[in-house]
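S.K.: only geometry, no sequence info:
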């Protein structure tokens, strides 16, 4: 557990008034930057007492009368690891693409572009068909970079129609940056040039591409 995660766990217990951290919050902590983003969003309301006080007030207002249990169905839970062992097929890692992970991936690419001597600008919010516009000093040229952050072992990368069309219109200047996050907190970054070969089918809003295949075609940032 990192120092920052430990601090968040302590604050969750302190401000919520319970001596434990929920399973959901522990799951969020397994994804780089996700728990930090989520806690930053709700922390002010937790610190002020709005959320805890509202929760306890609602709990006190609910009167629950115990009734005899009635069985209406059954559920058999089989661990995914056991299924993988029985079938001989490896477990598929989740293809995580939350706002926090995406923002962290863009930060990493921005830093790489700075180190390479370019002048990057984050334009993700403008929905132009790419995330980062990186200027080549002294030339007036621009590099258009679409960033995808994924947990190591993810199966696919989802690309919008707009992103694919922009790459086809700017084949010499478009880069697909793949940021792969590992369980130990480290990451790797690879660049794919000319990532897409044809336009999406008519009516397709997005297309899923094989993450491993894209990585195989990728190269070190340059």
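M.R.: Great, that's in hand. What you see is a predicted model, and the numbers here were worked out from it, not measured in a lab.
S.K.: let me see the backbone angles for the closest residue to residue 5 other than its chain neighbours.
M.R.: Closest residue in space to residue 5, ignoring its immediate chain neighbours: residue 29 at 5.3 Å, by Cβ to Cβ, 6 or more residues apart in numbering. No exception for glycine: its C-beta is placed from N, CA and C like everyone else's. Here is the backbone geometry of residue 29 (degrees, to the nearest 10): phi -70, psi -20.
S.K.: any idea how far residue 221 is from residue 29?
M.R.: To residue 221, residue 29 is 29 Å away according to Cβ to Cβ, to the nearest Å.
S.K.: per-residue pLDDT, the residue nearest to residue 5?
M.R.: Note on residue 29: pLDDT of 83.
S.K.: how many neighbours does it have?
M.R.: 21 (other Cβ atoms under 10 Å).
S.K.: how about it, what does it touch?
M.R.: When contacts are counted by Cβ atoms under 8 Å, 6 or more residues apart in numbering, residue 29 touches 1, 5, 8, 9, 35.
S.K.: what about the last one, distance to residue 117?
M.R.: It refers to residue 35. Distance of residue 35 to residue 117, computed by Cβ to Cβ: 34 Å.
S.K.: biggest strand in the chain by residues?
M.R.: In the chain, taking DSSP state E as the definition, the longest strand is strand 141-151.
S.K.: list the helices and strands the helix or strand hosting residue 6 packs on?
M.R.: Applying DSSP states H and E as the criterion places residue 6 in helix 3-16. Helix 3-16 sits against helix 34-48, with contacts defined as 3 or more Cβ pairs under 8 Å, 6 or more residues apart in numbering; DSSP states H and E.
S.K.: quick one: residue 170 and residue 144 touch, right?
M.R.: Yes: using Cβ atoms under 8 Å, residue 170 is in contact with residue 144, at 5.6 Å.
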